[in-house]
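**Student:** Sequence plus predicted model, see below.
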Amino acid sequence: MKDLAIAISVYDKFQDVKLLSDLFRKNWPGSYDLVVCSSHPQAASRLADCDIDELLSTENLPMDGPGSSDPRVSPRARLWVRVIDSIRKACGRCADRAEAPFTLHLHADACPLSWPKLRRLAERMQRHGKWFAARGEGFGFYAVNEPVGGFDDMFFVVDNAFARDTGFWDFDPFDFLPHKISIHGVLAILGLTRVGIRRFYHYGSHTRAVYWDGKPVVLYPLNSAHPMYFDPENCFLHIHESGFRGDLGVRLKAHYLARHEVTRGQHVEEFLAKWQTPEPELFGALAASEAGLRRFFLRRGLSPAVYGRNFDQMAALQAAYLGLPAAGKGRWLGRMHAQQAKGLVSTLVRRRFMRGRIFRDRYLDTVWPDRLDDLYESAFASTAREVRDFSLDGAEFP
Amino acid sequence: MTAARDFALAISADEEVDDVRLLVDIFRRNWTGSFHIVVCAASAGAAAEIGRCDVDSVAIGESVRLEADPREALQEHIAGALRAVDGIRKACGLAAGSSAPYTMHLAAGRYPLAWDPVRALGEGMRRRGAVLAARGQGFGLYAHDTPVGRFDPAFFVVDNAFARARRLWEFSLADFLPHKVSAPGFVALWALGRVGVHRFWRYAADDGGEGPIAFDPARGFLRVDASRLPPDLASRLVASYFAEYGVTRGPAIEAFHARWGADAAAARDEARAVGRGAGRRPGAWARGRAFLRERLVRRWIYRYRYGDMVWPRGLDDVYRAAFGGAGPAPAELRDVSFDMPSPRRSRAP
């Protein structure tokens, strides 16, 4: 029996998978069952030199091509379907292989950095009879895409015996209204309906996560997971490398690996040799990069706080502005000021006058009395027929 | 060896013993099949009375009556949702253990008037490979109490073998967020989370319980909300439908006809008048609100956050406040935590 099964969902971040493989195989003392799921056509050849136990591929689910132009469909709906499919396959396979008592799910850019702390999480689950452990906003958080709560789709742990006995991963990717509900929302629905509150261990939240410099991460409605977060209580790291300017994201990842003594293995050694940077130099570069972006907005009378630490969005706005002619720059400034003013007014109105009043009766993402089948037919038109051969409306079908 | 029953009927009733008697007479004396009848009553007294009817088993629901004065809307919502869902899980859970292949759930004031449409629902499910069939506004209607859709908590049919295999009715009352989700929302949540869209059949639309009377002529399903009708009209109306469908046999039904059966035409006329009243043009405030919602706010302010958000406060506080100074809550709800363990309060779950 192995200590833990690791289910990794990835599209093309194969370098990250190799680092994870080295982390588990060469740096941690336990034994692990590694199952990777990718929909990339060259996944097998790109992971040929990676020490994993099994590689799975996802269905012919919608990912490429333009998303739906229907405003009732989330722009991220196609991505959500793919993620849901990958998670159910990777975690379901880990449960079926029965090599370990628990499965930890990761995306390739997520990295647990302490085996004792991860083992402690599993031990707590065992000791307290918990079947599912996750971090996230919880069951009191309600948004369009998370209508009964939200939990992170990285770093959740599932009891494999429970998953096998109850058919926990036995569902279809379209079973959870993917035009609307994100994977974070799906985990909350699964937590309520298939696990139950008593067996669910809500062990952490972004309210306890920090950035590299120790500042707390921004909270909803800003993106708490972007460009990175570190959960110090569990030593869980997530870095979206392209969310940083230049190679700062990769160098930051190397910094965390080295700091937590993840230094062994061919892929890790090559990675550290290339990217490890002295802390003062790295943190200085990160601070300078952020200060430059913030200065750009402040000098134009705009608030950088509304972007949190979404550096790639800030950089894109800056680049767009700098590429404009003088007249275009004026229009851009006017538009940006109007946008920020609108955001401020809508926040005030929402908090002061509307909360708990106007929208207690019906949500604005309601599709009724329109038909969901029409919505799905157009939003997921590129999906294989057998995958979307179902009806959400039903009543008017023979 | 006892022959398998044709269908199971699971009835949730608070104290409406007379309604249960009528339903039992419908199934035992007016329909041709053999039926397994289960009732979940709200109190031991009601259960004892119902036990004297020709039913197969009786369960007693959780005591969630509230005594706080004045009652708060949240407490009332929680109590209503808990009673309804507890009735569903207990009655349907008992019925799932019967020899019948399917269970239809009913509540007081809900009358299926003919056997053939009910049998046809079971056959339709078998043909489609569906394990749960319900009517309702569907998975596209989102409100704070029906966040993933809305289905009628009565007249839904479930495959008993599936319910047993997947332990469909084994859950805690906390597991559907009763401070927020109502019984119609619970059916949609369970249909998504426990059943899956592929195995679910929405067999009809309905009005979402907006009117006091709803009749589905294709299936003979009648819903009458007596509390929203003039005195006696509900009973006279039900009697008229019983007569129309030839539901005339059985001691409770015969007594009911004797008392309420006169002048069915007048009862229907009065019901139509009530329906016309309900369909009146909404007032200026309602129209203004709808205009604001549709034109100015839709796809803007509330596209991303709902008005019933509790986060970042704790749900446990909501539940403690809801039951503070109130009547008894089920222990399974009092001892539960929805929130992350606080590092200040405890170090482990």
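**Tutor:** Sure thing, it's come through.

**Student:** Contact residues of the stretch 51-200 of chain A facing chain B?
**Tutor:** Applying Cβ under 8 Å from any Cβ of the partner chain, one finds that the stretch 51-200 of chain A approaches chain B through A:71, A:124, A:127-128, A:130, A:137-144, A:147-149, A:166-167, A:171-172, A:174-177, A:180-181, A:189-190, A:192-194, A:196-198. Every C-beta, even on glycine, is put in place using the N, C-alpha and C of the backbone.

**Student:** could you redo the last one with a cut-off of 7 Å?
**Tutor:** A:71, A:124, A:128, A:130, A:137-144, A:147-148, A:167, A:171-172, A:174-177, A:189-190, A:192-194, A:196-198 (Cβ under 7 Å from any Cβ of the partner chain).

**Student:** Among the residues you listed, which ones are in helices?
**Tutor:** If you go by DSSP state H, those have A:124, A:128, A:189, A:190 in helices.

**Student:** How many neighbouring residues does the closest residue to the third one other than its chain neighbours have?
**Tutor:** In space, and not counting its chain neighbours, residue A:189 is closest to residue B:193: 4.8 Å by Cβ to Cβ, 6 or more residues apart in numbering or on different chains. Neighbour count for residue B:193, taken as other Cβ atoms under 10 Å in any protein chain shown: 24.

**Student:** just checking, residue B:193 touches residue A:195?
**Tutor:** No. Counting by Cβ atoms under 7 Å, residue B:193 does not reach residue A:195; the two are 9.8 Å apart.

**Student:** was I right about residue A:223 contacting residue A:310?
**Tutor:** Yes. In this structure residue A:223 lies within contact range of residue A:310 using Cβ under 7 Å: 6.3 Å.

**Student:** Quick one: end-to-end distance for stretch B:260-267.
**Tutor:** 10 Å (Cα to Cα, to the nearest Å).

**Student:** Averaged pLDDT, it. What do you get?
**Tutor:** For stretch B:260-267, the mean pLDDT works out to 88.

**Student:** ok and the residue in chain B nearest chain A?
**Tutor:** Residue of chain B nearest chain A, by Cβ to the nearest Cβ: residue B:193 (2.7 Å).

**Student:** Helix, strand, or coil at that residue?
**Tutor:** Going by DSSP: H, G, I helix; E, B strand; the rest coil, the secondary structure assigned to residue B:193 is helix.

**Student:** mind listing what residue B:110 touches?
**Tutor:** By Cβ atoms under 7 Å, 6 or more residues apart in numbering or on different chains, the residues touching residue B:110 are B:154, B:155, B:223.

**Student:** What is the nearest of the residues you listed to residue B:126?
**Tutor:** Proximity of those to residue B:126 (Cβ to Cβ) peaks at residue B:155, which lies at 17.9 Å.

**Student:** Give me the pLDDT value at the closest residue to that closest one other than its chain neighbours.
**Tutor:** Distances taken as Cβ to Cβ, 6+ apart put residue B:221 closest to residue B:155, at 5.2 Å, once the chain neighbours are dropped. pLDDT recorded at residue B:221 is 97.

**Student:** right, and residue B:221 touches residue B:156 too?
**Tutor:** No. Applying Cβ under 7 Å as the test, residue B:221 and residue B:156 come out as separate, 11.0 Å apart.

**Student:** Mind listing the shared neighbours of the two?
**Tutor:** If you check residue B:221 and residue B:156 against Cβ under 7 Å, 6+ apart, no residue is contacted by both.

**Student:** Grab the nearest non-local neighbour of the residue in chain A that chain B sits nearest to.
**Tutor:** Taking Cβ to the nearest Cβ as the measure, chain A has residue A:193 as its residue closest to chain B, at 2.7 Å. Leaving aside its sequence neighbours, residue A:193 sits nearest to residue B:193 (Cβ to Cβ, 6+ apart; 2.7 Å).

**Student:** Contacts only, for that neighbour.
**Tutor:** Residue B:193 touches A:189, A:190, A:192, A:193, A:194, counting by Cβ under 7 Å, 6+ apart.

**Student:** where's the first one relative to residue A:148, distance?
**Tutor:** Note on residue A:189: its distance to residue A:148, by Cβ to Cβ, to the nearest Å, is 6 Å.

**Student:** now chain B, which segments are flagged as low pLDDT?
**Tutor:** Scanning chain B for pLDDT under 70 picks out the ranges B:1-2, B:63-72, B:277-280, B:293-305, B:323-329, B:342-349.

**Student:** can you give me the helices for it?
**Tutor:** Using DSSP H, the helices of chain B run over B:17-25, B:44-51, B:73-96, B:115-128, B:160-165, B:183-190, B:233-244, B:251-260, B:264-278, B:284-291, B:315-323, B:331-334.

**Student:** what residue lies at the spatial centre of chain B?
**Tutor:** Against the mean C-alpha coordinate of chain B, by Cα atoms, centre = their mean, the closest residue is residue B:153 at 3.0 Å.

**Student:** And for the nearest residue to that residue once chain neighbours are set aside, the neighbour number?
**Tutor:** Leaving aside its sequence neighbours, residue B:153 sits nearest to residue B:183 (Cβ to Cβ, 6+ apart; 4.0 Å). Residue B:183 has 27 neighbouring residues, counting by other Cβ under 10 Å.

**Student:** any idea how far residue B:183 lies from residue B:62?
**Tutor:** Noted for residue B:183: a distance of 14 Å to residue B:62, by Cβ to Cβ.

**Student:** Sketch out the low-pLDDT regions of the stretch 201-350 of chain A for me.
**Tutor:** Along the stretch 201-350 of chain A, the model assigns pLDDT under 70 to residues A:350.

**Student:** Around chain B, which positions in it sit nearby?
**Tutor:** Residues of the stretch 201-350 of chain A lying close to chain B by Cβ under 7 Å from any Cβ are A:201, A:202, A:203, A:204, A:205, A:207, A:221, A:346, A:349, A:350.

**Student:** Of these, which belong to helices?
**Tutor:** A:346, A:349.

**Student:** now the residues of the stretch 201-350 of chain A next to chain B as TSV including distance to residue B:200 and neighbour count?
**Tutor:** Listed next are these as TSV, based on distance: Cβ to Cβ, whole Å; neighbours: other Cβ atoms under 10 Å in any protein chain shown:
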residue	distance to residue B:200	neighbour count
A:201	29	25
A:202	28	24
A:203	32	24
A:204	34	22
A:205	33	22
A:207	36	15
A:221	33	13
A:346	37	15
A:349	38	13
A:350	34	18
